[in-house]
Each structure stands twice: as structure tokens, then as C-alpha cells.
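Undergrad: next input, structure requested:
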Amino acid sequence: MNNEIMHNHKIIKNNAENKSVSQLSQFSQLTQHRSVKSYYIRDIPSDLWLGFTIAAKKQGLTIHDAVLQALAEYADRYGGDLVNVNFATTIQVKRDLLQFAVEEEVRLLLCSLKRAHKRNAPKTHIDELKLKIINNIKKCPFLNPDLAEEIRRVFRLVADKI
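TA: Got it, this is the predicted structure:
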């Protein structure tokens with residue numbers, strides 16, 4: 001009887017191991033189809049992390065996108081020809097779209113500011129338009145140089161009148 005119990009225990013144990021291996025194999029197959037994995041990094045010096053997050057915010061990036069960009073740049077620089085990183089273009093597309101939207105908004109606000117100046121609108125209205133332009137510039141500090149020059153020109157025009 002004791003041998004029978006041992007034999008049944010081995011069968012149950014083998015079935016459990018086979019089931020675990022089978023489940024692991026299925027999970028592995030599922031994850032192989034995804035090219036994205038999650039990682040956790042511990043023990044990052046607080047000054048380094050603070051500097052990184054500030055730099056990301058200045059560039060208008062989320063922390064996630066900034067980490068991806070940093071990893072892609074590192075892989076490009078040190079990975080050699082064996083590493084092909086193509087997801088960084090997604091970050092660039094997001095940044096370009098943000099820049100486009102901000103620049104279009106600034107152009108519209110500049111037209112409104114010029115019209116307000118021509119019709120001698122109240123100073124409070126002109127100040128509101130200028131503040132909206134400045135807030136848009138903060139969202140995307142890397143504006144087209146021609147647009148930046150146009151902003152300077154219109155702000156000087158408005159300032160000369162006041």
C-alpha cells in the first residue's frame with residue numbers, strides 16, 4: 001500500500017510539473033508575440049532621477065517616453081550594427097505633433113493679437129492674448145525660428161503702442 005501511495009504521489013507531482021511547464025510554455029508563446037516587456041529599476045540616485053524628470057518635462061515628454069528615448073539613444077550609441085531601434089520614431093512623431101499643434105495655436109493667437117492691436121482693443125485683452133501665447137510656448141519651447149521671430153516682432157509692435 002505504501003508503494004501505491006508513493007506511485008500515485010509521483011503521478012500527481014509529474015502531472016503538476018507537466019501542467020506548470022505547459023502553462024509556462026503557453027505564457028512564453030503569448031509573450032513572444034508581444035515585443036514589449038516591463039522592467040523595474042531600483043536604487044536610482046535621487047539627484048539623477050530628479051535631473052532626469054526635469055529634463056523630460058522641459059522637453060515635453062512623459063517619463064515613460066523619456067526613458068524609452070534614453071534607452072534608444074544608448075542602444076544606438078553603444079549597440080553597434082546589431083541593434084535596430086525603431087520605436088524612438090514614435091516619440092519623435094508625438095513631439096512633432098505637439099510642436100505642430102502648439103505652433104498653429106500660436107499663429108492663430110498672433111493673428112488675433114495683431115487684429116486686437118489694430119482695433120485698439122483694451123490692454124487687458126491684449127495682455128490675455130500675450131499670456132496665452134507665452135503659455136503655449138512653455139508647452140513646446142523648441143519653436144520654429146521663423147515663428148519665434150514673428151512672436152518677437154508682434155510683441156514689440158504691441159509694446160510700442162502701450
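Undergrad: need the helix or strand of this structure with the lowest average pLDDT.
TA: Least confident helix or strand of the chain, by mean pLDDT, DSSP states H and E, is helix 2-33 with a mean of 46.
Undergrad: after that one, next one along is what?
TA: Remark: after helix 2-33, the chain's next helix or strand is helix 46-58, criterion DSSP states H and E.
Undergrad: what about that next one, distance to the chain center?
TA: Between the mean C-alpha point of helix 46-58 and the mean C-alpha point of its chain there is a distance of 14 Å (C-alpha atoms, centre = their mean, to the nearest Å).
Undergrad: in that helix, what counts as buried?
TA: Buried residues in helix 46-58, counting neighbours by 16 or more other C-beta atoms under 10 Å, are found at residue 56. No exception for glycine: its C-beta is placed from N, CA and C like everyone else's.
Undergrad: pLDDT on it, on average?
TA: Over the span of helix 46-58, the pLDDT mean works out to 89.
Undergrad: from residue 154, how far off is residue 160?
TA: In this view, residue 160 and residue 154 are 11 Å apart by C-beta to C-beta, to the nearest Å.
Undergrad: ok, these two, which is more surrounded?
TA: A side-by-side neighbour count of residue 160 and residue 154, using other C-beta atoms under 10 Å, places residue 154 first with 19 against 8.
Undergrad: can you tell me the centre-most residue of the chain?
TA: To find the centre residue of the chain, average its C-alpha atoms and take the closest one (C-alpha atoms, centre = their mean): that gives residue 65, at 3.3 Å.
Undergrad: I'd assumed residue 94 was in contact with that one.
TA: Yes. Using C-beta atoms under 8 Å, residue 65 is in contact with residue 94, at 6.9 Å.
Undergrad: contacting residues around residue 132?
TA: With contacts defined as C-beta atoms under 8 Å, 6 or more residues apart in numbering, the neighbours of residue 132 are residue 109.
Undergrad: mean confidence for the helix or strand encompassing it?
TA: Using DSSP H and E, the element containing residue 132 is helix 123-139. Mean pLDDT, taken over the full extent of helix 123-139, equals 92.
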